[in-house]
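Student: I need the structure of the sequence given here:
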Amino acid sequence: MNQPTPVLSWYVTCSLPMHNHPVYNQVMQHINAILQRIHPDNENKLVEARGLYSGAQDWKAKWPRVLDETIDGGLFFLLDTDGFIGRGVHTEVSDVLKKGLPVYLVIPDSSFYLITTLSGKAFAEGPDWRMYTFVDVKVLARETEPQDPFDALELEEEIKPEHWTHVHAQLTTPRLEATLQNNILTLKFSDGVTKTLEWTDTEALARFLGDHIGTALPDLDDEPIDASTEK
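Tutor: Okay, here's the model as predicted:
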C-alpha cells in the first residue's frame with residue numbers, strides 16, 4: 001500500500017508595498033523551484049501573507065493560529081526595494097525561528113539564504129515600523145554562503161550516460177541543462193539558477209569526470225570552434 005505524500009505548508013511574507021510589486025510573482029516562481037529541489041518527495045503548499053489579512057488588527061488576531069496550526073514547513077521572506085522588512089515580517093520570521101523551522105531570505109536574482117538569526121552585522125535597526133530592520137545582503141553573502149545548486153546534485157548519478165539527452169551542443173540530465181556556445185558552458189539548474197563556466201573550466205571539469213568518476217564525456221577539441229564565426 002502506497003504511503004500518502006507528506007504535505008508541508010510554507011509561509012511566504014514581505015512588507016505590504018511588495019505585495020503588488022512586479023518582483024513578487026518572480027520570487028514566487030523561484031520559491032516553487034527551490035521547494036521542488038530541496039523537498040522533492042513532499043507536496044509543498046505555499047501560504048501567502050498577501051491576501052490573508054485585512055489589516056494590522058486582523059493580522060494580530062490570526063497570526064498566532066497561523067503560526068501554530070498552519071506552518072509546518074518553514075518560511076520564505078523577501079525584502080522591500082530598499083532592503084528593509086517591516087515590524088510584522090520581523091515578528092513572523094522571529095516566531096518561525098523560535099519554532100525551530102527553516103527560514104529563507106529569497107533574492108530576485110535567484111539566490112537564497114538560510115537565515116538562523118535576525119541579529120549580527122548583516123542586520124540593522126531601521127527608522128520606523130515600516131522599515132523596521134535593514135538586511136545588508138552583501139554582508140549576509142560574506143557571512144552566510146547562499147545555498148549552492150550543486151549541493152542538490154548526486155554527481156555520479158546525474159552524469160551517468162543513460163541519464164543524458166545529448167543534442168548537438170546541449171546536454172540535459174535529470175536536474176541540469178548544459179549548453180556550450182561561443183566557448184562558454186552555461187549550466188541551468190532545475191530551480192532556475194544559472195552558472196557559467198569558461199572554456200578552460202570546461203576542460204578541467206571534463207578531466208575531473210574522466211579521472212575520478214570514470215565517465216567519458218564527448219571529446220573536447222583542442223581548439224573549439226566559435227559558433228558565432230561560422231558561415
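
Student: for this protein, longest helix please?
Tutor: Ordering each helix of the chain by length in residues (DSSP state H) puts helix 22-38 first.

Student: Can you name every helix or strand that it contacts?
Tutor: When contacts are defined as 3 or more C-beta pairs under 8 Å, 6 or more residues apart in numbering; DSSP states H and E, helix 22-38 packs onto strand 7-13, strand 43-48, strand 103-106. Every C-beta, even on glycine, is put in place using the N, C-alpha and C of the backbone.

Student: what residues are up against the nearest residue to residue 124 once chain neighbours are set aside?
Tutor: Distances taken as C-beta to C-beta, 6 or more residues apart in numbering place residue 134 nearest to residue 124, at 4.4 Å, with adjacent residues excluded. By C-beta atoms under 8 Å, 6 or more residues apart in numbering, residue 134 lies in contact with 82, 83, 84, 123, 124, 125, 126.

Student: quick check, residue 134 in a helix?
Tutor: No. Using DSSP: H, G, I helix; E, B strand; the rest coil, the assignment for residue 134 is strand, not a helix.

Student: how much space between it and residue 18?
Tutor: 15 Å (C-beta to C-beta, to the nearest Å).

Student: Show me the domain layout of the protein.
Tutor: Taking automatic domain parsing as the domain assignment, the ranges for the chain are 7-147, 150-229.

Student: Could you list the single helix or strand in this protein with the lowest mean pLDDT?
Tutor: strand 165-167 (a mean of 53; mean pLDDT, DSSP states H and E).

Student: Need the nearest residue in space to residue 88, chain neighbours excluded.
Tutor: Per C-beta to C-beta, 6+ apart, closest to residue 88 is residue 59, 6.2 Å.

Student: Can you tell me the SS state at that neighbour?
Tutor: Going by three-state DSSP: residue 59 is helix.

Student: hang on, it packs against residue 65?
Tutor: No. Taking contacts as C-beta atoms under 8 Å, residue 59 lies outside contact range of residue 65: 11.3 Å.

Student: Please identify which of those two sits among more neighbours.
Tutor: Higher neighbour count among residue 59 and residue 65: residue 59, with 16 against 9, using other C-beta atoms under 10 Å.

Student: ok, the residue nearest to residue 88 to residue 105 distance?
Tutor: Distance, residue 59 to residue 105, by C-beta to C-beta: 21 Å.

Student: same deal with residue 51?
Tutor: Applying C-beta to C-beta to residue 51 and residue 105 gives a distance of 22 Å.

Student: okay, these two: which has more neighbours?
Tutor: Remark: of residue 51 and residue 105, residue 105 carries more neighbours, 22 against 7, as counted by other C-beta under 10 Å.

Student: ok, now which ones touch the more buried one?
Tutor: 76, 77, 78, 79, 112, 113, 115, 135, 137, 140.

Student: Check it and give its pLDDT.
Tutor: Note on residue 105: pLDDT of 93.

Student: For it, which residues count as its bridge partners?
Tutor: residue 77, residue 113 (DSSP bridges).

Student: ok, which stretches of the chain are strands?
Tutor: Using DSSP state E, the strands of the chain run over residues 7-13, 43-48, 74-77, 84-85, 103-106, 112-115, 123-125, 133-135, 165-167, 170-173, 176-181, 184-189, 194-198.

Student: Quickly, which of those bottoms out on average pLDDT?
Tutor: Comparing mean pLDDT across those, the weakest is strand 165-167, with a mean of 53.

Student: Nice, that's everything, thank you.
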